[in-house]
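Engineer: okay, structure incoming, though there's no sequence with it:
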């Protein structure tokens, strides 16, 4: 398997472990696969938790679910089991409190907490919880996301409308990853994940986001909203917190415009669906609307302009269609 492939590294659950042994089992599994920590559960049934670890090149993801519990990385543990990473923890379900040496953060579903694993912390979940944790080697984080690393644990999601949109985009992207969905290469996906985290970190720190990071984020947002006929350059610009003119400059190195890129991606996805095996029973109108075209006539016109044939001819499997 290529080193940059998306793949499941390991899975674990305490469900089939004797209640008295679940804490030890969970601590050992996390020490081996994620990070050294101690765990406590206050449930009569003990700790009920599951975890799936996924590799995305040099970045790892952990999809974790469980009942109410507390995890802690004490100063002694940070010294005895070193981990030189930045964690981006996206809470999917439940409420949590994150204690660190400089204060306390209260997180709810949809929030993202960014923190350095070299420093001690306590993460407490007061009810049934779910989270996706992005494990970024610190040297990768400082090179790609934010020079100097994370000075203090930071919560994202409610600081501004722009911040909320970025966290929402990240949640969609990570959700597809843990479900093993998506049409981009692992490297493109890795860049999109890091690009979104970079934009969040830079916005909070007041630093400028680089055009390459903005381009990756714009493309990722477009890919996830191709089905929405309201998607246009202005909507993408709002998501990135920049003007339409700035967005056009972001797309210049790619040799296209935002509007052209959106149209091209819609046509490529539609063409792939029409030329797929078993497409004979597919209604062309359904394909058009599924990929964001509000008019079948407009879809047929631009499709023919791009591919030199009608959608009906493409569905019939006639040869000569350019690869997209």
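Structural biologist: Here it is on my side, so go on. Fair warning: this is a prediction, and the values are worked out from it, not measured in the lab. Residues are numbered from 1 along each chain as shown.
Engineer: what residue ranges in the stretch 151-300 of the chain are flagged as low confidence?
Structural biologist: For the stretch 151-300 of the chain, applying pLDDT under 70 flags the ranges 182-185, 205-210, 213.
Engineer: so which bits of the longest helix anywhere in the chain are buried?
Structural biologist: The single longest helix within the chain, with elements called by DSSP state H, is helix 186-205. Applying a neighbour-count criterion of 16 or more other CB atoms under 10 Å, one finds 186, 189-204 buried in helix 186-205. The way it works is simple: take the backbone N, C-alpha and C, and place the C-beta from them, glycine included.
Engineer: wait, residue 15 sits on residue 48?
Structural biologist: Yes - between residue 15 and residue 48 a contact is recorded at 6.5 Å, counting by CB atoms under 8 Å.
Engineer: who has more neighbours out of the two?
Structural biologist: residue 48 (19 against 9; other CB atoms under 10 Å).
Engineer: skipping its backbone neighbours, what lies nearest the more buried one in space?
Structural biologist: residue 67 (4.7 Å; CB to CB, 6 or more residues apart in numbering).
Engineer: burial check on that neighbour, number of neighbours?
Structural biologist: Counted with other CB under 10 Å, residues neighbouring residue 67 total 18.
Engineer: residue 25 versus that one, what's the distance?
Structural biologist: 15 Å (CB to CB, to the nearest Å).
Engineer: please apply the same query to residue 100.
Structural biologist: Counting by CB to CB, the gap from residue 100 to residue 25 is 27 Å.
Engineer: where does the stretch 1-150 of the chain dip in pLDDT?
Structural biologist: Across the stretch 1-150 of the chain, residues meeting the criterion (pLDDT under 70) sit at 1-5.
Engineer: so where do the helices sit in it?
Structural biologist: 22-33, 75-80, 138-140 (DSSP state H, counting those that start in this stretch).
Engineer: and of those, who's closest to residue 58?
Structural biologist: Residue 58 lies closest to helix 138-140 among these, at 5.9 Å (CB to CB).
Engineer: pull out the buried residues from that closest one.
Structural biologist: 138, 140.
Engineer: the chain should start at 37 in everything you say after this.
Structural biologist: All set: I'll call the first residue 37, so the last point we hit is now helix 174-176.
Engineer: which residues sit against it?
Structural biologist: Identification of contacts with helix 174-176 by CB atoms under 8 Å, 6 or more residues apart in numbering yields 94, 95, 120, 121, 122, 152, 154, 185, 230.
Engineer: mind doing that once more with 7 Å?
Structural biologist: Helix 174-176 is contacted from outside by 94, 120, 121, 122, 185, using CB atoms under 7 Å, 6 or more residues apart in numbering.
Engineer: can you check stretch 116-125 too?
Structural biologist: Against stretch 116-125 from outside (CB under 7 Å, 6+ apart): 67, 71-72, 148-154, 167, 169-174, 177, 185-186, 233.
Engineer: just the buried members of these?
Structural biologist: 71-72, 148-154, 167, 169-172, 174, 177, 186, 233.
Engineer: surely residue 343 is in contact with residue 306?
Structural biologist: No - using CB atoms under 7 Å, residue 343 is not in contact with residue 306; the gap is 9.9 Å.
Engineer: what about these two, which has more around it?
Structural biologist: Ranked by neighbour count (other CB under 10 Å), residue 343 and residue 306 place residue 306 first, with 26 against 21.
Engineer: what segments of the stretch 237-360 of the chain are strands?
Structural biologist: Counting by DSSP state E, counting those that start in this stretch, the stretch 237-360 of the chain forms no strands at all.
Engineer: got the domain boundaries for the protein?
Structural biologist: For the chain, the structural domains run 42-244, 299-351, going by automatic domain parsing.
Engineer: residue 208 falls within a helix, correct?
Structural biologist: Yes - secondary structure of residue 208 (DSSP: H, G, I helix; E, B strand; the rest coil): part of a helix.
Engineer: tally of neighbours for the nearest residue to it once chain neighbours are set aside?
Structural biologist: Excluding the flanking residues, the one nearest residue 208 by CB to CB, 6+ apart is residue 260, at 5.3 Å. If you count neighbours by other CB under 10 Å, residue 260 ends up with 17.
Engineer: before we move on, what about residue 205?
Structural biologist: Neighbours of residue 205 under the rule other CB under 10 Å: 22.
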